[in-house]
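Colleague: here you go, sequence then predicted model.
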Amino acid sequence: MSIQKLGFIGGGNMANAIIGGLIESGFAASDIMVCDLNEAQLTRFANAGSKTTTQAVDVMQWADAVVLAVKPQVLKAVVTPLAEYAQQHRPLVISIVAAIPSTSIDQWLGGNNPIIRTMPNTPALVKAGATGLFANERTSEAQQQFAEQLFSAIGQAVWVSDENLLHSVTAAAGSAPAYFFRFAEAMTKAAMTQNLSEQQARELIGQTMLGAAKMIMETDESIEQMCKNVCSPNGTTERAVASFESNHIDSIVGQAMTACYERSIELSEQLAD
Ligand SMILES: NC(=O)C1=CN([C@@H]2O[C@H](COP(=O)(O)OP(=O)(O)OC[C@H]3O[C@@H](n4cnc5c(N)ncnc54)[C@H](O)[C@@H]3O)[C@@H](O)[C@H]2O)C=CC1
Ligand SMILES: O=C(O)[C@@H]1CCC=N1
């Protein structure tokens, strides 16, 4: 079965980022249907030319591929009533929901469903997302190719063969834009104490983060060496890096990512069946 019609159950922050990036990459808005209980959330999708509904069953009956994009805490209640439609229509199910394993989603949808679990992130909105993907054994090669094309259209798609690695992907990518935003916020505050305006700081810091990221993605130099290349002996950068080291930056970052990883496992243990 070819996949053309893409449905979303949940039209919030992450769905909006994915849909925005897909339309920007040329995906037809009219081939997208979004379901959300909050009609205000649906307006932006309708304005972009997508179909909208407040009934998840409409998506399940219409779409060739259904993206589950509600919060983990409500997923079971949302999908369980859709089992009969999943069994009849058997769309490809793509979950962006953190922590909930494909086995639980499959059980809640009546069994034997092709499911691809993903862990995307919000830079998808500007086609610079990073997404981890895992396919259960009922997905076809064509379905896996569709998912890869979908998430490659909005950034980098990385397959994992062990679904448990999606906990690690959550810590390293799914949640990680927040780490960089928080770091940029701290840099902006510091820059403003050094008399740059907030706009000047935003432009300089944003471009520097973008440039560093492009160097990581487009060169083969180690990240450690690229850091050393900035540190002129006895210069300015050495002082900044020394300050980071004396404040145990590796420990700070490691503790944060461990907290994220452990919360993902905790949610899985709490919510999976
Ligand atoms: N925000 C992010 O950066 C990322 C989020 N995710 C995952 O994406 C999922 C959604 O997260 P966000 O978009 O941030 O949350 P959100 O709260 O912005 O969006 C969730 C949407 O689901 C809607 N909803 C709730 N119950 C519904 C129902 N019964 N039928 C239809 N829609 C319903 C809500 O009205 C809301 O608009 C979560 O499972 C999260 O773990 C994954 C990767 C990144
Ligand atoms: O914070 C969360 O739970 C979601 C999943 C990854 C990013 N946001």
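Modeller: That came through fine. Numbers count the residues shown, from 1 in each chain. Ligands and ions are numbered 1, 2, ... in the order given.
Colleague: can you count the residues close to Q270?
Modeller: Neighbour count of Q270, defined by other Cβ atoms under 10 Å: 10. To be clear about C-beta, it is placed using only N, CA and C from the backbone, and glycine gets the same treatment.
Colleague: my guess is D58 contacts C35, does it?
Modeller: Yes - counting by Cβ atoms under 8 Å, D58 does reach C35; the two are 6.6 Å apart.
Colleague: of these two, who's got more company?
Modeller: Using other Cβ under 10 Å as the criterion, D58 and C35 rank with C35 on top: 29 against 17.
Colleague: for the more buried one, name its beta-bridge partners.
Modeller: I9, T53 (DSSP bridges).
Colleague: what pLDDT does it get?
Modeller: For C35, the model assigns a pLDDT of 98.
Colleague: how much space between it and G129?
Modeller: For C35, the distance to G129 (Cβ to Cβ, to the nearest Å) stands at 22 Å.
Colleague: what of V160?
Modeller: V160 is 16 Å from G129, by Cβ to Cβ.
Colleague: tell me which of those two has more neighbours.
Modeller: G129 (25 against 16).
Colleague: pretty sure the more buried one sits against S152.
Modeller: No - counting by Cβ under 8 Å, G129 does not reach S152; the two are 9.6 Å apart.
Colleague: identify the residues contacting L150.
Modeller: By Cβ atoms under 8 Å, 6 or more residues apart in numbering, L150 lies in contact with 6, 22, 65, 94.
Colleague: show me where the stretch 51-200 of the chain has its strands.
Modeller: 51-53, 65-68, 92-95, 115-119, 129-135, 155-159 (DSSP state E, counting those that start in this stretch).
Colleague: what about the first one, distance to the chain center?
Modeller: In this case it means strand 51-53. Put simply, strand 51-53 sits 22 Å off its chain's centre (Cα atoms, centre = their mean, to the nearest Å).
Colleague: contacts made by that strand with the rest, please.
Modeller: With Cβ under 8 Å, 6+ apart, strand 51-53 has contacts from 11, 30, 32-36, 42, 45-46, 59, 62.
Colleague: out of these, who has the most neighbours?
Modeller: The residue in the contacts of strand 51-53 with the most neighbours, by other Cβ under 10 Å, is C35 (29 neighbours).
Colleague: how close does the residue of the stretch 101-250 of the chain found nearest ligand 2 sit to C260?
Modeller: Scanning the stretch 101-250 of the chain for the residue nearest ligand 2 gives G174, at 3.6 Å (criterion: Cβ to the nearest ligand atom). Distance, G174 to C260, by Cβ to Cβ: 8 Å.
Colleague: looking at those two, which one has more neighbours?
Modeller: Neighbours of G174 and C260, each counted by other Cβ under 10 Å, are more numerous for G174; the result is 26 against 20.
Colleague: nearest residue to that one in space, please, no chain neighbours.
Modeller: Leaving aside its chain neighbours, G174 sits nearest to M119 (4.4 Å; criterion: Cβ to Cβ, 6 or more residues apart in numbering).
Colleague: can you list the residues of the chain near ligand 1?
Modeller: Proximity of the chain to ligand 1 (Cβ under 6 Å from any ligand atom) is limited to residues 9-15, 35-38, 41, 56, 69-72, 74, 78, 96-98, 119-122, 174.
Colleague: quick one, which of the residues you listed are buried?
Modeller: For the residues of the chain next to ligand 1, a burial check counting by 16 or more other Cβ atoms under 10 Å picks out 9-11, 14-15, 35-36, 41, 56, 69-70, 72, 78, 96-98, 119-122, 174.
Colleague: flag every residue of the stretch 1-150 of the chain that's near ligand 2.
Modeller: Near ligand 2, when you scan the stretch 1-150 of the chain using Cβ under 6 Å from any ligand atom, you find A98.
Colleague: for whichever residue of the stretch 1-150 of the chain sits closest to ligand 1, what are phi and psi?
Modeller: Going by Cβ to the nearest ligand atom, ligand 1 is nearest to G12 of the stretch 1-150 of the chain, at 1.8 Å. When quoted as degrees, to the nearest 10, the phi and psi of G12 stand at phi -100, psi -150.
Colleague: can I assume it is in contact with V74?
Modeller: No - checked against Cβ under 8 Å, the pair G12 and V74 is beyond contact range at 11.4 Å.
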